[in-house]
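have a look at this fold, sequence not included:
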């Protein structure tokens with residue numbers, strides 16, 4: 001069996017912990033594996049690591065690859081140049097499987113940001129779905145609702161099949177009265193966005209119901225690279241697989257998901273799945289409370305002290321604080337959109353940004369200057385690069401740096417420094433056994449991450 005992980009996301013609903021360039025699936029809520037890594041491990045029960053393909057936006061590509069390489073380097077990641085919703089993403093990844101000789105295999109398609117703890121029950125559900133997929137059905141896995149949720153789409157079932165049901169229709173997110181009716185009827189399931197079927201069946205339905213997507217697939221060439229060309233992808237409509245295929249096809253079956261399931265779509269949903277103290281609180285980080293009940297309080301860096309409040313969510317990161325009532329957590333997305341309209345950097349990146357070679361933290365900045373701390377992990381190196389608009393001054397804090405500058409090598413110990421002029425071809429490297437930490441001071445009229453010309457790069461970014 002082949003598997004597809006859909007790893008898009010804007011980072012809006014769990015802001016400020018998630019960001020546009022570091023969305024929900026990259027986060028860990030148990031201080032162990034991220035949601036993406038948990039998803040990958042869950043799929044390894046059914047597929048070899050090389051048969052699990054993750055499709056994501058190119059701006060997430062390096063972080064996705066970095067996390068998955070920690071599990072198995074045989075994983076495959078496809079980069080979308082722009083977000084086009086799930087239908088083009090799924091169709092393009094199916095085309096990858098066809099080009100690599102897997103045209104009639106069964107494929108399991110899952111989002112990257114679901115939390116499923118009972119993996120044994122999940123595996124049993126997939127095996128039930130596989131029986132229907134082999135009969136030519138596209139299988140969707142539905143969650144039996146236990147309360148009238150208005151934040152999920154619903155699926156109405158029709159007649160029974162062996163191991164599942166025929167699907168009558170897909171339904172949009174309802175209002176509360178409609179959701180109560182769905183719950184009482186017993187014929188409706190939450191749409192979990194998990195699908196399974198033969199690759200050939202998926203492609204025939206895409207050809208039939210989404211020709212504007214299908215006609216462009218033959219121009220993809222995954223023998224050359226795993227990143228999709230912009231001009232080709234831009235021709236495809238932006239549409240979900242539900243709208244494009246599932247709502248129109250007569251080959252859709254539903255199997256009830258036997259395991260637990262949570263899409264962690266809000267801070268309240270994070271609170272719901274976390275273990276709570278005697279007062280019903282979930283407290284993470286440097287948090288001090290007095291007379292606080294039924295609340296979620298998260299501190300990433302600073303001390304957060306709260307007194308006399310109930311049913312609140314408060315999240316502190318290096319550069320932002322978000323607070324709301326517990327039952328208003330779905331509206332965090334509105335705050336995110338307002339900040340994005342105001343062009344706030346807090347919607348895009350954290351102060352600390354992870355890269356394949358390590359990470360950097362923005363410390364301070366102003367007109368014409370920016371200060372960072374940079375950590376290069378043992379055995380890693382930054383690309384050989386130059387900048388058109390800025391100079392840099394590096395001071396080694398810990399470890400030992402190997403610096404390449406205009407064809408010469410420099411070994412710099414802790415306390416030493418070096419200047420990198422505008423236009424100099426350079427690289428910061430750490431071939432040693434301990435972490436390298438430096439302070440970087442940038443000066444120039446334009447200080448942005450896109451002011452980089454790469455000449456050599458071991459992570460494929462040239």
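Structure received. The structure presented is a predicted model; accordingly, all values stated were derived computationally and were not measured.

show me where pLDDT drops low in the stretch 151-300 of the chain?
Applying pLDDT under 70 to the stretch 151-300 of the chain flags no residue at all.

run through who's touching the host helix or strand of residue 335.
Element membership of residue 335, judged by DSSP states H and E, is helix 332-341. Applying CB atoms under 8 Å, 6 or more residues apart in numbering, the external contacts of helix 332-341 come out as 11, 12, 13, 14, 15, 266, 267, 322, 324, 346, 347. For the C-beta atoms, the positions are set from N, CA and C on the backbone; glycine is no exception.

do stretch 290-299 as well
17, 267-268, 270-271, 274, 279-287, 289, 304, 306-316, 326.

switch to 7 Å and redo it
267, 270-271, 279-287, 289, 304, 306-316 (CB atoms under 7 Å, 6 or more residues apart in numbering).

over to stretch 223-240?
Outside stretch 223-240, the residues that touch it by CB under 7 Å, 6+ apart are 58, 76-82, 84-88, 92, 99, 212-213, 216, 219-220.

swap the cut-off to 6 Å and go again
If you take CB atoms under 6 Å, 6 or more residues apart in numbering as the criterion, stretch 223-240 is touched by 78-81, 84-88, 212-213, 216, 219.

inside helices: which ones of those?
Those of those mapping onto helices are 86, 87, 88, 212, 213, 216, per DSSP state H.

just the pLDDT at the nearest residue to residue 69 once chain neighbours are set aside, thanks.
Using CB to CB, 6 or more residues apart in numbering and skipping residues adjacent in sequence, the residue nearest residue 69 is residue 75, 7.1 Å away. Per-residue pLDDT puts residue 75 at 93.

could I get the contacting residues of residue 75?
Contact partners of residue 75, counting by CB under 6 Å, 6+ apart, are 49, 52, 68.

A strand includes the last one, no?
Meaning residue 68. No. Counting by DSSP: H, G, I helix; E, B strand; the rest coil, residue 68 is not part of a strand but helix.

quick check: closest non-adjacent residue to it.
residue 75 (4.4 Å).

next one: phi and psi at that neighbour?
The phi/psi pair for residue 75 (degrees, to the nearest 10) reads phi -60, psi 160.

most neighbours of all the ones in helices among the contacts of stretch 223-240, which one?
residue 88 (29 neighbours; other CB atoms under 10 Å).

so it makes contact with residue 214?
No. Here residue 88 does not reach residue 214: they are 10.2 Å apart, not a contact under CB atoms under 6 Å.

buried subset of the contacts of helix 332-341, written for PyMOL?
Under the burial definition 16 or more other CB atoms under 10 Å, those of the contacts of helix 332-341 that qualify are selected in PyMOL by:
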select buried, resi 11+12+13+14+15+266+267+322+324+346+347
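
quick one, longest helix in this protein?
Ranked by residue count under DSSP H, the longest helix found in the chain is helix 119-134.

centre of the chain to that one, how far?
Distance of helix 119-134 from its chain centroid, counting by CA atoms, centre = their mean, to the nearest Å, is 25 Å.

show residues contacting it.
Residues outside helix 119-134 that contact it (CB under 6 Å, 6+ apart): 42, 45, 106, 116, 139, 163-164, 196-197, 253, 255, 257-259.

now with 8 Å?
1, 42, 45-46, 106, 108, 116, 139, 141, 161-164, 196-198, 201, 253, 255-260.

fine, thanks again, bye for now.
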